[in-house]
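Engineer: All I have is the shape, not the residue letters:
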């Protein structure tokens, strides 16, 4: 299936731990994104990569570090998790940047206890 | 930066009726306005988009209108069906140049009652 996939779908962890979320797209897109959706459903861009190059880095704590090993993958590593990091994290991709259709992954629900 | 406001936050309609969701944006340089539908437990999915050189676009039961002067755009869903129940997001972007991004509205939860 052609799609954007994320692992894991659910992640429950304790405060202070470090965790990673992986994202892969097989659509041949050149731009990938990480979004955070809070409990009120508000969607906000965190990072954007174009051809493995970081082009958007929003006001996100530096505990969050994205990594793009190649055009098809964009991972998100989070250090020293805090309660406020609990949210659903979506990976997305597009061909040609933010003014073209973005394909979203199924999301990773992160719960920090 | 861009700010997108969306109203209403919740909308309940009877099956077969129309639903209208309105958005305003602040950045006059924005030129791309997509609408996304998010079903429970899934990622958002594009349903229709409009660019600033067009005032209206229609795709079967959904239509979008854009008023650049007033900086607002709307989503119209006609003959609503239970499967239209979801959260809908409007968004705006300046373009695909480096540093540009998609800014989302706060979402509208639509419930279609059979």
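Structural biologist: Received the coordinates, thanks. Keep in mind that this is a model prediction, so the values were computed, not measured. Numbering: from 1, shown residues only, chains lettered A, B, ... in the order given.

Engineer: Now do the strands in chain B.
Structural biologist: Assigned by DSSP state E, the strands in chain B fall at B:4-7, B:10-14, B:19-25, B:32-38, B:45-51, B:56-59, B:62-67, B:72-77, B:86-92, B:103-104, B:108-113.

Engineer: CSV for those, including mean neighbour count?
Structural biologist: The way it works is simple: take the backbone N, C-alpha and C, and place the C-beta from them, glycine included. As requested, the strands of chain B are arranged in CSV below (neighbours: other C-beta atoms under 10 Å in any protein chain shown):
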stretch, mean neighbour count
strand B:4-7, 17
strand B:10-14, 13
strand B:19-25, 20
strand B:32-38, 23
strand B:45-51, 17
strand B:56-59, 12
strand B:62-67, 18
strand B:72-77, 21
strand B:86-92, 25
strand B:103-104, 23
strand B:108-113, 17
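
Engineer: To residue A:66, which of the ones you listed lies closest?
Structural biologist: Closest of those to residue A:66 is strand B:103-104, at 19.3 Å (criterion: C-beta to C-beta).

Engineer: Which elements pack onto the closest one?
Structural biologist: Contacts defined by 3 or more C-beta pairs under 8 Å, 6 or more residues apart in numbering or on different chains; DSSP states H and E place strand B:103-104 against strand A:43-50, strand B:86-92.

Engineer: Quick one, which of these gets closest to residue B:77.
Structural biologist: strand B:86-92 (8.5 Å).

Engineer: partner strands of the closest one, parallel or antiparallel?
Structural biologist: If you go by DSSP bridges, strand B:86-92 pairs up with strand B:32-38 (antiparallel), strand B:103-104 (antiparallel), strand B:108-113 (antiparallel).

Engineer: Go ahead and flag the most central residue of chain A.
Structural biologist: residue A:34 (3.1 Å; C-alpha atoms, centre = their mean).

Engineer: Return the residues in contact with residue A:66.
Structural biologist: A:34, A:46-47, A:49, A:54, A:74-77 (C-beta atoms under 8 Å, 6 or more residues apart in numbering or on different chains).

Engineer: now the one helix or strand it maps to: mean pLDDT?
Structural biologist: Using DSSP states H and E, residue A:66 sits in strand A:64-70. Mean pLDDT, computed over strand A:64-70, is 94.

Engineer: again with stretch A:28-40
Structural biologist: Mean predicted confidence for stretch A:28-40 is 94.

Engineer: How about it, which residues are buried there?
Structural biologist: Within stretch A:28-40, the residues that count as buried by 16 or more other C-beta atoms under 10 Å in any protein chain shown are A:29-37.
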